[in-house]
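> Please find the sequence and the predicted model below.
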Amino acid sequence: MRGPRFDAAVVGSGPAGAVAAITLARAGARVALVDKSGFPRDKACGDLVGPRGVQLLTEVGLERPDVLSLGDMVVVGPTGGRALLPAVPGLAYPGQAWAIPRSRFDTELRHAALDAGAEEVTARVGALHAEASGSALLTLDGGGSVVADFVIGADGAASRVAESTGLVDHDRVLWGFAMRAYVEQHVELPYIAFWDPTPGRAFPGYGWLFPGPDGRANAGLGLGTGSDRRAGARATRQLDAFLDHLRSLGLLGATTEAPRDGRLGGWLKMGMVGTMPARGNVLLVGDAAGLVNPLQGEGIAQAMDSGRAAALAVIERPSEAASHYIAHLRRTHLRFQSATASVHAALVSSPRMVSLVGRLLTTPLVARAVGGGWGIYWNDLLDGSAPGGARRVAQIAHGAARVLTAPAPNRRWLSTAFDAALDQPRPVTLGSPTP
């Protein structure tokens, strides 16, 4: 017996899925919000919502949660040099970020989606199949099913929706892995740390120490692995050594511990590489679409933006929702993601270069000259930034990255994939049709 029928099934109720469900439900659509987990549940994350995310929550009309507002950020180089990245308000976003644990943030967004009218389905999606009508049949592990005219895959980096629909090229994906811990310590500013476990050879990523509510800080270590996910275990193995490095810098107290029961790891899919974000009546959002920033690993703002855009495409252009959504991603995210994905791939494969860049950017003279622009470009805030010297530095960085990565394979793959998707839209294959 088939389960209930919906206008849209949103698989995954993290920030991307919740915002998609809110947007759809407010427009009068019948929405199934499917998630394998009960809530609250935890996620490996730095627990920061960046300025674009703060702005989007305001635009969506969601009530401000109980958060810690943050401004400037400090980057610490391999030898201890420091660069201040000032939080400068833009024309299209505020000059602040929010610190809020994901267990609380995701729960509040999910509640907002259910309050808007989305219907809760707690189950893991087993497979997707095509109905004769063109709708999708989602079978659920443990029994049951859902039928929907559209499927929005918001189920994370290892998305079952993306796998089931053949939208991922595993040989192309840029994977990252992050390991997070909580420490009982008050921290004034967010810190990013480039770290050389061996002198002159950088860890292929970065570590962080971020303030959090109630005097508890978030510390972690993230790395890029390219298409080889076996390397992700390195972040888990070396987290304690990195925490010792933070102690040596004076950022963590000598006796401050990171309890193991608060540690959690998770995969990231970055730079949009290797994933086609939509085809037919299936649209991928957030980490499922590979929208994580390749330079610093942020994904919440992009996730919520893509969730809203996918929902609006379904509402406003149902007959061409996939191409409408892809066009949005191309306008809004592709230029930054395609260039920085290629920068990321080049740096991860060269630990000596990462060490050199980290040292150079945190020397006092360079830090003072480029700190403001670095903060804008690093955090993907160039579009909508305010005129001034910092914006000009970010524009120069963006232009240089575009020129230097023009021949890179990742750039070529993304350009070809998006051109083909917009020029020759075709239906998605959901498996064997059901009668």
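Cool, the structure landed.
> the helices in the stretch 1-150 of the chain, which residues?
With DSSP state H, counting those that start in this stretch applied, the stretch 1-150 of the chain shows helices at 15-26, 51-60, 102-116, listed in chain order.
> hang on, I meant the stretch 151-300 of the chain
160-164, 233-248, 300-316.
> which regions of the stretch 101-250 of the chain sit below the pLDDT cut-off?
Applying pLDDT under 70 to the stretch 101-250 of the chain picks out no residues at all.
> Can you say which of the helices of the stretch 1-150 of the chain is packed in most?
Mean neighbours per residue, mean count of other C-beta atoms under 10 Å, is largest over the helices of the stretch 1-150 of the chain for helix 15-26, with a mean of 29. Where C-beta positions appear, they are placed from N, C-alpha and C, glycine not excepted.
> How far away from the center of its chain is stretch 122-136?
26 Å (C-alpha atoms, centre = their mean, to the nearest Å).
> Equivalent analysis for stretch 383-390, please.
23 Å.
> cool, stretch 326-337 as well?
Stretch 326-337 sits 14 Å away from the centroid of its parent chain (C-alpha atoms, centre = their mean).
> Which residues outside it are in contact with it?
Stretch 326-337 has contacts (C-beta atoms under 8 Å, 6 or more residues apart in numbering) with 271-272, 277-278, 289, 291, 293-294, 302, 305-306, 309, 313, 380, 382-383, 398, 402, 414, 418, 421-422.
> Going through those residues, which ones are buried?
271-272, 277-278, 289, 291, 293-294, 302, 305-306, 309, 313, 380, 382-383, 398, 402, 414, 418, 421 (16 or more other C-beta atoms under 10 Å).
> ok so, going back, distance to residue 133 added to the helices of the stretch 1-150 of the chain, as JSON lines?
Output for those, formatted as JSON lines (distance: least, C-beta to C-beta, whole Å):
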{"stretch": "helix 15-26", "distance to residue 133": "20"}
{"stretch": "helix 51-60", "distance to residue 133": "32"}
{"stretch": "helix 102-116", "distance to residue 133": "26"}
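> of the ones you listed, which approaches residue 342 most closely?
helix 51-60 (22.1 Å; C-beta to C-beta).
> Quick one: residues contacting the residue lying closest to residue 263 once chain neighbours are set aside.
Nearest residue to residue 263 in three dimensions, chain neighbours excluded: residue 181, at 4.7 Å (C-beta to C-beta, 6 or more residues apart in numbering). For residue 181, the contact set (C-beta under 8 Å, 6+ apart) comprises 218, 219, 220, 239, 243, 258, 259, 262, 263.
> PyMOL command to pick out the buried ones of these?
The following PyMOL line selects those of the contacts of residue 181 that are buried, judged by 16+ other C-beta under 10 Å:
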select buried, resi 218+219+220+239+243+258+263
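> Which two among the contacts of residue 181 are spaced furthest apart?
220 and 259 (13.9 Å).
> from the helices of the stretch 151-300 of the chain, which stretch is densest packed?
The stretch of the helices of the stretch 151-300 of the chain with the highest mean neighbour count (mean count of other C-beta under 10 Å) is helix 300-316, at a mean of 26.
> the inter-axis angle of whichever strand or helix holds residue 338 versus helix 300-316?
Here residue 338, judged by DSSP states H and E, is contained in helix 335-348. Relative orientation of helix 335-348 versus helix 300-316 (axes from the mean of the first three to the mean of the last three C-alpha atoms, to 10 degrees): 140 degrees.
> Please work out which residues outside the helix or strand following helix 335-348 touch it.
Toward the C-terminus, helix 335-348 is succeeded by helix 351-361 as the next helix or strand (DSSP H and E). For helix 351-361, contacts defined as C-beta under 8 Å, 6+ apart pick out 75, 77-79, 81, 83, 194, 196, 200-204, 346-348, 366-367, 370, 374.
> Would you list the buried entries among these?
For those, a burial check counting by 16+ other C-beta under 10 Å picks out 75, 77-78, 81, 83, 194, 196, 202-204, 347-348, 367, 370, 374.
> Which of those residues fall within strands?
75, 83 (DSSP state E).
> of all the buried ones among the contacts of helix 351-361, which comes closest to residue 19?
residue 374 (28.8 Å).
> Report the contact partners of the closest one.
Contacts of residue 374 by C-beta under 8 Å, 6+ apart are 75, 83, 85, 361, 393, 394, 397.
> Save these as CSV, and put in pLDDT and distance to residue 165 too.
Output for the contacts of residue 374, formatted as CSV (pLDDT from 0 to 100; distance: C-beta to C-beta, whole Å):
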residue, pLDDT, distance to residue 165
75, 98, 39
83, 97, 43
85, 97, 39
361, 95, 41
393, 98, 41
394, 98, 36
397, 97, 36
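> nearest to residue 176, of the residues you listed?
Looking across the contacts of residue 374 and measuring by C-beta to C-beta, the closest to residue 176 is residue 75, at 18.3 Å.
> you'd agree the closest one is up against residue 82?
Yes - between residue 75 and residue 82 there is a contact under C-beta atoms under 8 Å: 7.0 Å.
> okay, and the common contacts of the two?
With contacts taken as C-beta under 8 Å, 6+ apart, residue 75 and residue 82 have residue 362 as neighbours in common.
> before we move on, the earlier item: could I get the contacts of residue 181 as JSON lines with distance to residue 131?
Formatted as JSON lines, the contacts of residue 181 follow (distance: C-beta to C-beta, whole Å):
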{"residue": "218", "distance to residue 131": "44"}
{"residue": "219", "distance to residue 131": "48"}
{"residue": "220", "distance to residue 131": "43"}
{"residue": "239", "distance to residue 131": "46"}
{"residue": "243", "distance to residue 131": "52"}
{"residue": "258", "distance to residue 131": "49"}
{"residue": "259", "distance to residue 131": "49"}
{"residue": "262", "distance to residue 131": "44"}
{"residue": "263", "distance to residue 131": "43"}
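> Report the central residue of this protein.
Nearest to the geometric centre of the chain sits residue 299, at 1.9 Å (C-alpha atoms, centre = their mean).
> Now do the phi/psi pair for that residue.
phi -140, psi -10 (degrees, to the nearest 10).
> Contact partners for it?
Residues near residue 299 by C-beta under 8 Å, 6+ apart: 268, 286, 287, 291, 292, 293.
> Let me have the residues you listed in CSV, extended by distance to residue 224.
Output for the contacts of residue 299, formatted as CSV (distance: C-beta to C-beta, whole Å):
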residue, distance to residue 224
268, 9
286, 19
287, 15
291, 15
292, 10
293, 12
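> tell me the two of the residues you listed that are most distant?
286 and 293 (12.3 Å).
> overlap in contacts of those two?
Shared contacts of residue 286 and residue 293, counting by C-beta under 8 Å, 6+ apart, come down to 299, 302.
> Which members of the contacts of residue 181 occur in strands, if any?
Among the contacts of residue 181, the ones falling in strands (DSSP E) are 218, 219, 220.
> Fine by me, thanks again.
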